[in-house]
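Asker: Below is the structure, and that's it, no one-letter string:
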């Protein structure tokens with residue numbers, strides 16, 4: 001019953017340049033709420049940080065005169081209630097989490113469409129969106145899928161937004177300026193030489209770069225010529241889990257400036 005959104009006038013009309021942006025949107029954990037000496041997070045803070053991220057993306061786009069953008073929905077868009085310790089920290093129930101995350105992601109993509117010639121969206125699911133405990137959960141039953149489906153339906157009238165057809169809900173890819181990028185959440189893959197070999201054999205080719213989240217902190221490395229880029233999380237640290245494990249870190253997301261040579265610039269966008 002939801003009517004599709006109507007596109008607004010674009011602020012960038014057919015920009016021509018030598019680069020595109022890869023915009024990672026990872027581990028939003030919408031619904032999680034905590035307030036401690038090491039950090040704060042709730043729905044209002046999440047919305048504010050998404051706006052901060054958008055503003056920074058537009059700033060980066062203007063700095064590099066970027067032409068197109070590729071948005072990766074890296075999974076764990078919601079907090080869910082997969083453990084008792086998680087459920088008691090949630091302010092919104094799981095249905096409300098899915099609704100809020102869907103609206104936020106849709107608005108994020110709609111806004112980006114005003115500034116870039118084309119917006120390509122690649123989505124995978126995370127472990128927090130499963131609907132049963134880990135040992136009984138089915139691979140394809142992940143609530144992150146509903147968020148992508150909702151955004152796709154709401155944005156179907158936007159002629160410059162395209163959603164990538166995934167290999168699987170846990171693994172997808174896209175091409176930026178003739179270089180192949182893999183997208184995974186990170187819960188199924190070990191980012192070492194053996195793990196990369198297995199992932200590449202499943203795809204049938206080696207990528208230029210693998211993008212992932214899951215661990216909640218930004219990192220970049222390289223294994224046998226394959227770039228690995230890990231994005232941070234929107235909540236950052238300060239919940240019971242990170243305090244108990246003595247983990248601290250700022251909320252962040254990652255933007256890559258990519259040309260025919262590959263990744264020209266890597267921005268870790270820290271949020272407050």
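Answerer: Perfect, thanks for sending it. Values in this document were obtained by computation on a predicted structure and should not be read as measured data. Numbering: from 1, shown residues only.
Asker: Strands of the stretch 101-250 of the chain, start to end?
Answerer: 119-123, 161-163, 171-176, 179-184, 209-212, 219-223, 226-230 (DSSP state E, counting those that start in this stretch).
Asker: who wins for proximity to residue 6 among those strands?
Answerer: When the strands of the stretch 101-250 of the chain are compared by CB to CB, strand 161-163 sits nearest residue 6, at 12.9 Å. C-beta: built from backbone N, CA, C; applies to glycine.
Asker: what does that closest one rub up against?
Answerer: Identification of contacts with strand 161-163 by CB atoms under 8 Å, 6 or more residues apart in numbering yields 109-110, 113, 118-123, 148, 151-152, 155.
Asker: For residue 128, give me the pLDDT.
Answerer: Residue 128 is assigned 82 on the pLDDT scale.
Asker: just to revisit the earlier point, just name the closest of the contacts of strand 161-163 to residue 195, please.
Answerer: Taking CB to CB as the measure, residue 195 sits nearest to residue 122 out of those, at 19.6 Å.
Asker: From residue 42, how far out is the closest one?
Answerer: Distance, residue 122 to residue 42, using CB to CB, to the nearest Å: 28 Å.
Asker: For the stretch 1-150 of the chain, give me the ranges with low pLDDT.
Answerer: Applying pLDDT under 70 to the stretch 1-150 of the chain picks out residues 1-2, 11-13, 81-91, 132-137.
Asker: Wait, residue 249 touches residue 237, no?
Answerer: Yes: here residue 249 reaches residue 237: they are 5.0 Å apart, a contact under CB atoms under 8 Å.
Asker: coming back round to it: with neighbour count and distance to residue 16 added, can I get the contacts of strand 161-163 in a markdown table?
Answerer: As requested, the contacts of strand 161-163 are exported to a markdown table (neighbours: other CB atoms under 10 Å; distance: CB to CB, whole Å):
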| residue | neighbour count | distance to residue 16 |
| --- | --- | --- |
| 109 | 24 | 23 |
| 110 | 19 | 23 |
| 113 | 22 | 18 |
| 118 | 14 | 13 |
| 119 | 24 | 17 |
| 120 | 20 | 17 |
| 121 | 24 | 22 |
| 122 | 23 | 24 |
| 123 | 25 | 28 |
| 148 | 21 | 30 |
| 151 | 26 | 28 |
| 152 | 17 | 28 |
| 155 | 22 | 24 |
